[in-house]
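Following is a predicted model, sequence given first.
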Amino acid sequence: MDIKKFVTPEIIFGKGAIEQVGESCLRLGAKKVLIVSDDGVIDAGWLEKTIHCCRQVGLNYATFYNITTNPKDFEVEKGRQVYEAEECDAVIGIGGGSVLDVAKAIAVVATNGGNISDYEGVDQIDVPLPPMIMISTTAGSGSEVSQFSVIVDSKRRKKMTIISKSLVPDIAIIDPYTLTTKNHALTAATGLDVLTHAIEAFVSVASTPLTDVQAKNAISLVAQYLRPSVASRTNEEAKTAMAMASLQAGLAFSNAILGAVHAMSHAVGGRFPLSHGEVNSVLLPFVMEFNFIAAPKHFLYISELMGVDVRGLTEVEAGRKAIELVRRLAEDIGAPQRLSDMGLKEEYIKEMSLIAIEDACMITNPRDITVKDVEYLFSQAF
C-alpha cells in the first residue's frame, strides 16, 4: 500500500492568539515552563507579553535567551542547564526559527540526555519530549509546526539537521500581529525562506497530495503579499497572509522535506554567521534551474500560482517563467542577488559542497545531484 503520513501540531492562528499561551500550557499539564527567546523578541516586547500571559493563569516560569542567529550546540547545553536547575517540565519557544529550533533541542537533551549532536539525522530520539508550545514571531521558518531542528555543531562548524516526529510541537501559536515589529530586511529574508520551503516541498520526491495543497497555497500567498508586507509594517492583510503562508509552507516541508537549496544554505550557515533566508534567496533560482528538467510540470504550476497566464505557452516556456518570477521578487524587495554580495569568497566552495552533499535535505531533491553539481551551483551563485 502507498501509505502517506502527515504530522501537525494543534494550531492556534489569528490576531491576539499569543494570549492563549498560558492556558495552552495548563491544558498540557505544565507546572513550570522554560520560556526560550532572544534579544530581538525581548526588544519587541513579546517575551514580556508571554510572561504576562503565564502569570495570569498562575503558571511558574524561567527564561533563557542567549541565542545567536545560527544557534550553536553549546547554547542548547546552556538552555538545558537552566531547564534542569529551574526544575521545568515544559518548554515555550517564542521567536524566529533560531529560537524555536533551540527550544526543541533543549527539550531533546533535557529528556534524552547526552549532547544534541547525538540526535543528528532521522528518528534518533527515543524518549518522549516534554510539552512544547511554539510561538512564531516571523513569517519564515515554519519551525512552530515542523519535525525539524537545525543546530550548529561548533567543533565541526556544520549545521546538524535533526528530524523526528518527536520534534513536532504540541501546540503552535501564530499571531500575525507579532509581524508588525519586524523591519523590512528581516521581513524580506524570512518571506523568501517561506517561498523556498514551499517550492522545495512542492517538487520534493516525498511530496503528497496533502503537502501539495499546503505548498501551492503558500506559493500563491507569497507571490501576492510579500511585496506589500515588506513595504509596510502596518499592512494587516499582508501580515496575516504571510503568517498563513509561513504556516502552510511549514506544514508542507515538515512532511515532504526539502532539497538542495536548504542543504547548501545549511552548509553556508554552519560556517558563516549569515541570514538563512538571504542565503536561500540567492541559491533558490540557481537550484530551480538545475532541478527544472526533473519536474517541468511542477514549475508550470508554480508559474501559474505566481500569476502567469500560461495559455499558449509550452510546458517548458511556462515552467521557466517561474524562475524569472522568483528572481524578480527577490530583486523587488531588496534581497541579495549573489553570495559575494554577502561577503562570501569562492575559496570556500569545495568545503561547503562536501558538507552540503551529506545534508539530509539532499535525499528528497527531485534531481540526482553530485558534489560536482553542488560546486557548480555554488560557483553560479557567486
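Great, that's in hand. Numbers count the residues shown, from 1 in each chain.

can you pull out the strands in the protein?
Assigned by DSSP state E, the strands in the chain fall at 10-13, 32-36, 60-64, 90-95, 121-122, 132-136, 148-153, 158-163, 171-174.

Tell me which residue lies nearest the centroid of this structure.
Taking CA atoms, centre = their mean, the centroid of the chain lies closest to Ser141, which sits 2.4 Å from it.

Can you get me a residue count around Ala231?
13 (other CB atoms under 10 Å). C-beta coordinates here come from the backbone N, C-alpha and C atoms, glycine included.

got a pLDDT number for it?
Ala231 is assigned a pLDDT of 98 by the prediction.

And Met1, by the same measure?
At Met1, pLDDT is 49.

Same check on Lys5?
pLDDT recorded at Lys5 is 84.

so what's it up against?
By CB atoms under 8 Å, 6 or more residues apart in numbering, Lys5 lies in contact with Asn255.

One more: Gly319?
With contact set as CB under 8 Å, 6+ apart, Gly319 has these partners: Phe292, Pro296, Lys297, His298, Phe299, Leu300, Ile302, Ser303.

Let's see that with 6 Å instead.
Pro296, Phe299, Leu300 (CB atoms under 6 Å, 6 or more residues apart in numbering).

Can you list which of the residues you listed are found in helices?
Counting by DSSP state H, the contacts of Gly319 place Pro296, Phe299, Leu300 in helices.

Test for you: state the pLDDT assigned to the closest residue to Asp118 other than its chain neighbours.
Closest residue to Asp118 apart from its sequence neighbours, by CB to CB, 6 or more residues apart in numbering: Gln124 at 7.0 Å. What the model reports for Gln124 is a pLDDT of 96.

Kindly provide the distance from Gln124 to Asn70.
Distance, Gln124 to Asn70, using CB to CB, to the nearest Å: 21 Å.

ok, Tyr3 - how many residues close by?
I think there's a mix-up here, since residue 3 is Ile and not Tyr. Counted with other CB under 10 Å, Ile3 comes out at 4.

ugh, typo on my part, it should be Ala188
By the measure other CB under 10 Å, the count of residues near Ala188 is 26.

residues near the residue lying closest to it once chain neighbours are set aside, how many?
Among residues not flanking Ala188 along the chain, Ile333 sits closest, at 4.3 Å (CB to CB, 6+ apart). When neighbours are counted by other CB under 10 Å, Ile333 registers 20.

cool, Asp123 as well?
Asp123, neighbours per other CB under 10 Å, totals 12.

Tell me who's in contact with the closest residue to it other than its chain neighbours.
Nearest residue to Asp123, sequence neighbours excluded (CB to CB, 6+ apart): Ser164, at 5.4 Å. Counting by CB under 6 Å, 6+ apart, Ser164 touches Asp123, Ile125, Gln147.

Any figure for the gap between Ser164 and Pro9?
From Ser164 to Pro9 the distance is 14 Å (CB to CB).

thinking again about what came up before, ok, and the most crowded of the ones in helices among the contacts of Gly319?
Going by other CB under 10 Å, Phe299 tops the ones in helices among the contacts of Gly319 with 25 neighbours.

doesn't Arg320 make contact with that one?
No: Phe299 is not in contact with Arg320 according to CB atoms under 6 Å; the separation is 7.1 Å.

how about Ala335, phi and psi?
Main-chain torsions, Ala335, degrees, to the nearest 10: phi -80, psi 150.

isn't it right next to Asn280, touching?
No: look at Ala335 against Asn280 with CB under 6 Å: they stay out of range, at 9.4 Å.
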